[in-house]
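Asks: following is a predicted model, sequence given first.
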Amino acid sequence: MYKIIDGKELAAKMRIDLKKDVEAFSQKHGRHIGLAVVLAGDNPASQIYVKNKIKACEEVGIKSFAYYLSGDVSQEELENLLRTLAEDKKINGILVQLPLPEHLDSEKALKIIPDSKDVDGFSADNIGKLCQGKDSIVACTPNGVMKMLESCNVDLRGKKAVVVGRSNIVGKPMAMLLLNADATVTICHSKTRNLKEECLGADVLVAAIGRAKFITADMVKQGAVVVDVGMNRDESGKLCGDVDFEAVKEKCSYITPVPGGVGPMTITMLMYNTYLSATRSEI
Ligand code: GUN
């Protein structure tokens, strides 16, 4: 019988604890922790993510500073804003919602964010530290997945973990975290041969592909832990993950749902990273 890893419930619990820590910080220092959220253009999914991030800030007592830039903002304007935020003492974290409009050079813009304010954990310094197993700011989604696995005491040591997807935001940092937790890790991607066989070997399978219901029951080993990072719409427009949940669940020991799985944890980890950045900047 499978168990559901309820990300919504875990996120709510973590936010209660975080709210206390944020309050204690604000009391001690006589100021708020601040997160700048930058959105350029009107991508509907990005608008929803940003709205939810701002709502989460309110919930835990972090002051949000939202910057809504037009879709034709110039590289120079964006960079000037990021330089100002980088210097601003009220801002502990800077989040630039991705993807940026195509005419902008994201990599060049993101480099302006100081490593200490990189609450997405995207900078070369933070990624490099993660690879070296050193303390770093860890990308929100994979960090959230690790918290979910910890919450149900999934022991990763020596287990075979398969990550499907190799993005810089999820797949690669996810693989590193699993490796740092002593799992034996395989990263699969669009060019992987025998994807089904690779997945069938997984004790822990993380799906971060971006295709609705891509992981089917015949790709999952009996008793596996399945984590679904996907956020898609199915044929009828309903939200669904990268895993065919109804068919796959029966084979799992644990499985995360969509919605209510990884999504709420991602935003909670953003709040956590912002708190962490604030505490570290005080040292
Ligand atoms: N777009 C999709 N996921 C993310 C994320 O984790 N951070 C940012 N900044 N943009 C995203």
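Replies: Structure's in. What do you need?
Asks: tell me the secondary structure at the closest residue to the ligand within the stretch 1-150 of the chain.
Replies: Using Cβ to the nearest ligand atom, the closest approach of the stretch 1-150 of the chain to the ligand is made by L98 at 3.7 Å. Where C-beta positions appear, they are placed from N, C-alpha and C, glycine not excepted. Using DSSP: H, G, I helix; E, B strand; the rest coil as the criterion, the local structure at L98 reads coil.
Asks: what about stretch 189-206, how long is it end to end?
Replies: 12 Å (Cα to Cα, to the nearest Å).
Asks: can you tell me which residues contact the residue of the stretch 1-150 of the chain closest to the ligand?
Replies: 46, 106, 169 (Cβ atoms under 8 Å, 6 or more residues apart in numbering).
Asks: cutoff 7 Å now
Replies: S106 (Cβ atoms under 7 Å, 6 or more residues apart in numbering).
Asks: G71 in helix, strand or coil?
Replies: Following three-state DSSP, G71 is assigned to coil.
Asks: I'd assumed D42 was in contact with it.
Replies: Yes: using Cβ atoms under 7 Å, G71 is in contact with D42, at 6.0 Å.
Asks: what distance do you get for the residue of the stretch 1-150 of the chain closest to the ligand to L78?
Replies: 13 Å (Cβ to Cβ, to the nearest Å).
Asks: just M265 next, same as before
Replies: Remark: distance between M265 and L78 (Cβ to Cβ) = 29 Å.
Asks: in the helix or strand hosting N80, what's buried?
Replies: Element membership of N80 [criterion: DSSP states H and E] is helix 75-87. Within helix 75-87, the residues that count as buried by 16 or more other Cβ atoms under 10 Å are 78-79, 81-82, 85.
Asks: with pLDDT and distance to L276 added, can I get those residues in CSV?
Replies: Below are these laid out as CSV (pLDDT from 0 to 100; distance: Cβ to Cβ, whole Å):
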residue, pLDDT, distance to L276
L78, 98, 25
E79, 98, 26
L81, 98, 23
L82, 98, 20
L85, 98, 18
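Asks: and those, which is closest to E9?
Replies: L85 (33.5 Å; Cβ to Cβ).
Asks: quick check: residues of this protein near the ligand?
Replies: Contact residues (Cβ under 6 Å from any ligand atom) of the chain with the ligand: 95-98, 120, 140-141, 169.
Asks: ranking those by neighbours, who comes first?
Replies: C140 (27 neighbours; other Cβ atoms under 10 Å).
Asks: report the contact partners of that residue.
Replies: Residues near C140 by Cβ under 7 Å, 6+ apart: 120, 266, 269-270, 273.
Asks: measure stretch 215-227 end to end?
Replies: End-to-end distance of stretch 215-227 (Cα to Cα): 11 Å.
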